[in-house]
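1. I need the structure of the sequence given here:
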Amino acid sequence: MPRGNWLPDQACVVCGAVGWETALTIRRPEDATLRILEPSGTVQIARCRSCGMMMTHPLPPADRIADLYPAQTYPCYSEATRNRGFKRWVLHRVMRVASTACSEPRRHLTRLVFFPLLRRVGGVPTPQATRRILDIGCGDGVFLEAVQAAGWEAVGVEMGQEPAAAARARGLRVETGTVETLSFPDVSFSAVRLWHVLEHVLDPAAALRRIRRWLIPGGELILGIPNAGSLCARLFGPRWTAWELPRHLYHFTPKTVRRLLEQEGFTSVRVAYCSVGTGVSSLGMWWSRQVWMRAMNLMGDMVLDLLRCGDSLEVRAIRPTDGGDSA
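-> Next up is the predicted model:
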């Protein structure tokens with residue numbers, strides 16, 4: 001077992017307070033990647049007593065982050081090319097819908113037809129006069145292909161060597177690295193997308209400060225993050241798959257992500273619910289393989305999102321055009 005007084009002694013990334021309580025304790029001594037954080041395989045999800053922000057404790061050393069993502073077993077790498085044809089088909093049509101003039105009645109009919117797909121493919125940038133997007137955590141570049149086809153100049157960032165190489169082999173511009181290790185000129189992009197990435201970052205506040213500098217004034221930040229305040233998180237507790245330990249280092253709710261973004265100088269923060277099916281995956285592998293169960297889960301996700309307790313969030317924020325952007 002870990003040491004007795006086993007709570008963080010560091011300041012909260014959102015409010016700066018030093019005062020934590022245990023939200024969950026997760027024990028998986030057989031998990032080699034979890035033992036990178038704690039040799040016993042027992043880790044905590046600690047919650048800030050002041051603002052409710054949650055973090056994995058202990059956090060991994062910076063030089064061990066890459067070890068949490070073994071290429072052979074990490075799903076986003078080992079399944080990088082699985083169903084890529086279908087994903088490409090979905091993304092291209094979603095981007096076409098998003099790029100159609102708002103005044104056309106056909107757009108609204110198309111959005112209705114593609115509604116289930118639109119919910120599963122998040123982070124589509126808002127059309128702008130300047131169309132240059134940075135996709136951090138781009139994988140093998142399926143989203144980059146679609147956004148380029150819709151008229152955007154697209155740049156990707158990917159930590160995994162193999163998916164990054166696969167993207168470059170298809171002619172996409174993808175830099176190998178992370179938001180912490182790479183640098184871009186200030187005021188370079190009209191949109192920056194981190195789709196289920198921010199929760200993996202060792203210092204999300206510092207990452208957001210870097211990203212804000214890369215955005216043009218009025219540029220859009222797009223985040224996808226699990227909702228640690230969701231109904232599924234409360235129902236399944238330590239079995240909720242979106243805790244995704246040890247790779248998810250921070251666990252956000254609508255309240256804490258909004259506060260962090262505003263603290264780092266972003267404005268016009270909008271939070272939408274876009275569930276991704278963790279209810280079924282949390283039940284176990286057998287259930288998640290049943291087509292009928294996945295169909296029921298899709299309908300259930302829509303209901304949860306309407307009730308504002310879905311398992312995933314799409315968050316958009318703007319770098320202000322004047323004032324508050326000198327940092």
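
2. Ala233: neighbour count?
-> Other residues lying near Ala233 total 24 when counted by other C-beta atoms under 10 Å. Placement of C-beta: from N, CA and C, glycine included.

3. in this structure it contacts Glu244, no?
-> No. Using C-beta atoms under 8 Å as the test, Ala233 is too far from Glu244 to be in contact (11.7 Å).

4. touching both of these two, which residues are there?
-> Taking C-beta atoms under 8 Å, 6 or more residues apart in numbering as the criterion, Ala233 and Glu244 both touch Pro226.

5. pull the CA atoms of the longest strand along the chain into PDB?
-> The residue-count maximum for a strand in the chain (DSSP state E) belongs to strand 215-226. Extracted C-alpha coordinates of strand 215-226, given in PDB (Å, rounded to 0.1, in the frame of the first residue of the first chain):
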ATOM      1  CA  LEU A 215      -4.000  32.100 -31.700                       C
ATOM      2  CA  ILE A 216      -4.900  35.200 -33.600                       C
ATOM      3  CA  PRO A 217      -7.000  37.800 -31.700                       C
ATOM      4  CA  GLY A 218     -10.600  36.400 -32.100                       C
ATOM      5  CA  GLY A 219      -9.200  32.900 -32.800                       C
ATOM      6  CA  GLU A 220     -11.100  29.900 -31.500                       C
ATOM      7  CA  LEU A 221      -9.900  27.200 -29.000                       C
ATOM      8  CA  ILE A 222     -11.800  23.900 -29.300                       C
ATOM      9  CA  LEU A 223     -11.500  21.300 -26.600                       C
ATOM     10  CA  GLY A 224     -12.900  17.800 -26.200                       C
ATOM     11  CA  ILE A 225     -12.700  16.500 -22.600                       C
ATOM     12  CA  PRO A 226     -14.400  13.800 -20.500                       C
END
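
6. paired strands for that strand, with orientation please.
-> In the sheet, strand 215-226 lines up against strand 189-195 (parallel), strand 312-318 (antiparallel) (DSSP bridges).

7. what's the following helix or strand after it?
-> Sequence-wise, the next helix or strand downstream of strand 215-226 (DSSP states H and E) is helix 231-236.

8. by contact count, what packs against that following helix?
-> Using 3 or more C-beta pairs under 8 Å, 6 or more residues apart in numbering; DSSP states H and E as the contact test, the elements touching helix 231-236 are helix 278-283.

9. show me the contact partners of the helix it packs on.
-> 226, 230, 232, 236, 239-242, 287-288, 293-294, 297, 300-301, 311-312.

10. what's the mean pLDDT across that helix?
-> Averaged across helix 278-283, the pLDDT comes to 85.

11. from the chain's centre, how far out does it sit?
-> Relative to the chain's own centre, helix 278-283 is displaced by 18 Å; criterion: C-alpha atoms, centre = their mean, to the nearest Å.

12. and Leu144, how far is that from Trp195?
-> From Leu144 across to Trp195, the span is 12 Å (C-beta to C-beta, to the nearest Å).

13. and Leu34, what does it touch?
-> Leu34 touches 26, 28, 41, 43, 245-246, counting by C-beta under 8 Å, 6+ apart.

14. secondary structure added to these, as a markdown table?
-> Below are those laid out as a markdown table (DSSP: H, G, I helix; E, B strand; the rest coil):
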| residue | secondary structure |
| --- | --- |
| Ile26 | strand |
| Arg28 | coil |
| Gly41 | coil |
| Val43 | strand |
| Leu245 | coil |
| Pro246 | coil |
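
15. right, I'll call it a day here.
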